[in-house]
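Novice: coords below, sequence missing:
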């Protein structure tokens, strides 16, 4: 297995690791307000998150910036809670005002990228081919996020189509669950 494949797989598995469910929660929170026919918007939204995430991950992995890990571990659940609450209280505005969603995703991606930096820095310590490893890792992260997006959109389609749950009720349920789980992360 090449280095590229290895880091691609590490990024993919890291996102889908149930032990590190904070990232899964954030992607679920991002998707909560969308229907399956809006998959293009979700794709752009998740990619905006990945761009922010990739930028700070690269800066931290290259040792250009350093941030206290405890502060980042505190901020990550905060970003999830803010996203969930935004959807609870501003559901119609959130689906119409897509630019704000992209800006939030990009900004929160910056914070989440710092959360991965210690993990990736430990993996790449002293390695000279870090740019290729960063690229592969971030592509793996994006692919993992797309798996989560596909699952969330499919579940929302089934819930709203088969079980006839109204979109507003679905958004409240998913966002409330995400906020509750992120609050538990924050208090842990």
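Specialist: Arrived safely. Note that the structure is a prediction, hence the values are computed from the model and not measured.
Novice: residue 119 touches residue 14, doesn't it?
Specialist: Yes: the pair residue 119 / residue 14 is scored as a contact, 7.1 Å apart, by C-beta atoms under 8 Å. C-beta: built from backbone N, CA, C; applies to glycine.
Novice: which one's more surrounded, those two?
Specialist: Using other C-beta atoms under 10 Å as the criterion, residue 119 and residue 14 rank with residue 14 on top: 18 against 15.
Novice: the more buried one: helix or strand, and which one exactly?
Specialist: Here residue 14 is covered by helix 3-16, with elements defined by DSSP states H and E.
Novice: quick one: contacts of that helix?
Specialist: 1, 20, 23-24, 27, 116, 119, 123, 129, 132-145, 147-148 (C-beta atoms under 8 Å, 6 or more residues apart in numbering).
Novice: hmm, try it at 10 Å
Specialist: Here helix 3-16 makes contact (C-beta atoms under 10 Å, 6 or more residues apart in numbering) with 1-2, 20, 23-24, 27, 57, 116, 119-120, 123-124, 127, 129-130, 132-148.
Novice: just the mean pLDDT for the longest helix that the chain contains, thanks.
Specialist: Assignment by DSSP state H gives helix 130-161 as the longest helix of the chain. For helix 130-161, mean pLDDT is 95.
Novice: I'd like the next helix or strand past it.
Specialist: helix 167-187.
Novice: could you give the angle of that following helix to helix 130-161?
Specialist: Put simply, helix 167-187 runs at 140 degrees to helix 130-161, going by axes from the mean of the first three to the mean of the last three C-alpha atoms, to 10 degrees.
Novice: how far is helix 167-187 from where the chain is centred?
Specialist: 15 Å (C-alpha atoms, centre = their mean, to the nearest Å).
Novice: buried ones in that helix, by neighbour count?
Specialist: Using 16 or more other C-beta atoms under 10 Å as the burial criterion, the residues of helix 167-187 that qualify are 167, 170-171, 174-175, 178-179, 181-182, 185-186.
Novice: what do you get for stretch 122-138?
Specialist: Neighbour-count burial for stretch 122-138 flags 123-124, 130, 133-138 (criterion: 16+ other C-beta under 10 Å).
Novice: and for the nearest residue to residue 144 once chain neighbours are set aside, the neighbour number?
Specialist: Closest residue to residue 144 apart from its sequence neighbours, by C-beta to C-beta, 6 or more residues apart in numbering: residue 15 at 3.1 Å. Burial of residue 15 is recorded as 21 neighbouring residues (other C-beta under 10 Å).
Novice: so which residue is smack in the middle of this protein?
Specialist: Closest residue to the average C-alpha location of the chain: residue 27 at 4.1 Å, with C-alpha atoms, centre = their mean.
Novice: from memory it sits against residue 49, does it?
Specialist: Yes: contact criterion C-beta atoms under 10 Å: residue 27 and residue 49 qualify, at 7.7 Å.
Novice: joint contacts of these two?
Specialist: With C-beta under 10 Å, 6+ apart as the test, residue 27 and residue 49 both reach 105, 112, 145.
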